[in-house]
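Participant: pasted the sequence and its predicted model underneath.
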Amino acid sequence: MANPKKLSTVPLPETCCLGIIVLMLLFLNGCGDGIAKRYPASGVVRFPGGTPVRTGTIEISNGTRWTASGEIDREGKFSLTTVRSSDGAIPGDYRVVVRQVILTHRLPAAQHDHGELVHARYRDYASTTLKFTMPAAAKNDLEFVVDKAN
Amino acid sequence: MEDAVGEEVHVSTQLPCGCTGPGGWIPGGALGDYAGNIGDFSPGAIGSIDDFYQAGRGTGVLITSHVTFDSSLRPTGWTDRITVASIVDGTSNTILAGEAHKPTGQMKQPPWDSPIYSGLEIASIARLGGPGFPIVRNRHDASASSVFQWGSSHPSVCNFVMADGSTHTFAQFLDTIALGRLSHRNDGEIVDYGMVY
């Protein structure tokens, strides 16, 4: 009959210790979730005259699954989230879409107070003209100027 | 199938655009965790008859439809039928239904969680996917604008059934371009399944 060893008395091989150290370093280097480091990014969406866009959601894509998005408030302000609330975006080149959902079945359009709408071209990555490069900076203030709907 | 809302309830209207209105009544009845794929956001939603939730405008598989009536104004059928032949991208490449995002604390709370048979609120029966409409990553997100999004309480994934009846567990971080292609029945785009898990 084999003599069972207690787990606590089994010495860890050197390669195993090295692996644990590498994993700890990776954990400390990123955001602790195994996803690339994000940098805070917030800003405003405006029309050419300076009037803020007062409703919608902005989403950015760098062609990977790590899109980031943020809800636009009544002052046109947003804060980007990739994984956790307002954690920002991964550095890279992005295209930007803006989606607005206006429902009128419970509230007639004339009674809405969301202001003017953005042009339909901003709904899709294939047609949007908004682009930007996200730097690896500790603070990123973004500003997007969009055309009004026809 | 989940539980049921027993009685008709009145909901205040906090619209996705941030506007507030007088609200409305939602009937009681059986609830569900899943919703139908009404498509992507390409028709838009600007308060026009071409919006994605208007009859016949959805680009998905389970969409709203015009009703036909007889001379006594009794409903006799539907005009905007989506057949297998309508799903040009292929039934295995198009979502039929999936897990609907219902935020923590909003179970049995209309309009987030209201009778699955009732089309009075589109959010009761349908979800969108695509640019601007990712699978929700934060199950606590109760913002009014996320009421049309897919989402799951399962960590990191969201479950779907395709129009061919196959079931798939997609990554919560599925990119929205791929999600849009899987939502639109005839955009001419298919998706590499290696990108969605």
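Facilitator: That came through, no problem. Residues are numbered from 1 along each chain as shown, chains lettered A, B, ... in the order given.

Participant: got the residues of chain A near chain B?
Facilitator: Contact residues, chain A versus chain B (C-beta under 8 Å from any C-beta of the partner chain): A:54-57, A:59, A:61, A:63-67, A:69, A:71, A:73-74, A:81, A:83-85, A:97-104, A:106-107, A:109, A:111-114, A:117, A:120, A:123-125, A:149. Backbone N, C-alpha and C define where each C-beta goes, glycine included.

Participant: swap in 6 Å and give it another go.
Facilitator: A:55, A:57, A:59, A:65, A:67, A:71, A:97, A:99, A:101-104, A:106-107, A:109, A:112-114, A:117, A:120, A:123-125 (C-beta under 6 Å from any C-beta of the partner chain).

Participant: list the ones among those that fall in strands.
Facilitator: Of the residues of chain A next to chain B, the ones assigned to strands by DSSP state E are A:Thr57, A:Glu59, A:Glu71, A:Val97, A:Arg99.

Participant: do you know how far B:His168 is from chain A?
Facilitator: 16 Å (C-beta to the nearest C-beta, to the nearest Å).

Participant: then B:Trp78?
Facilitator: From B:Trp78 over to chain A (counting by C-beta to the nearest C-beta), the distance is 19 Å.

Participant: next one, pLDDT for the nearest residue to that residue once chain neighbours are set aside please.
Facilitator: Spatially, and ignoring its direct neighbours in sequence, B:Trp78 is nearest to B:Ser65 (4.2 Å; C-beta to C-beta, 6 or more residues apart in numbering or on different chains). B:Ser65 is assigned a predicted lDDT (pLDDT) of 93.

Participant: count the neighbours of B:Ser65 for me.
Facilitator: 17 (other C-beta atoms under 10 Å in any protein chain shown).

Participant: returning to what we had before: mind giving me the PyMOL command for buried ones among the ones in strands among the residues of chain A next to chain B?
Facilitator: Provided next is the PyMOL selection string for whichever of these are buried by 16 or more other C-beta atoms under 10 Å in any protein chain shown:
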select buried, chain A and resi 57+59+71+97+99
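
Participant: ok, so of the ones in strands among the residues of chain A next to chain B, who is nearest chain B?
Facilitator: Comparing these against chain B with C-beta to the nearest C-beta places A:Arg99 closest, at 3.0 Å.
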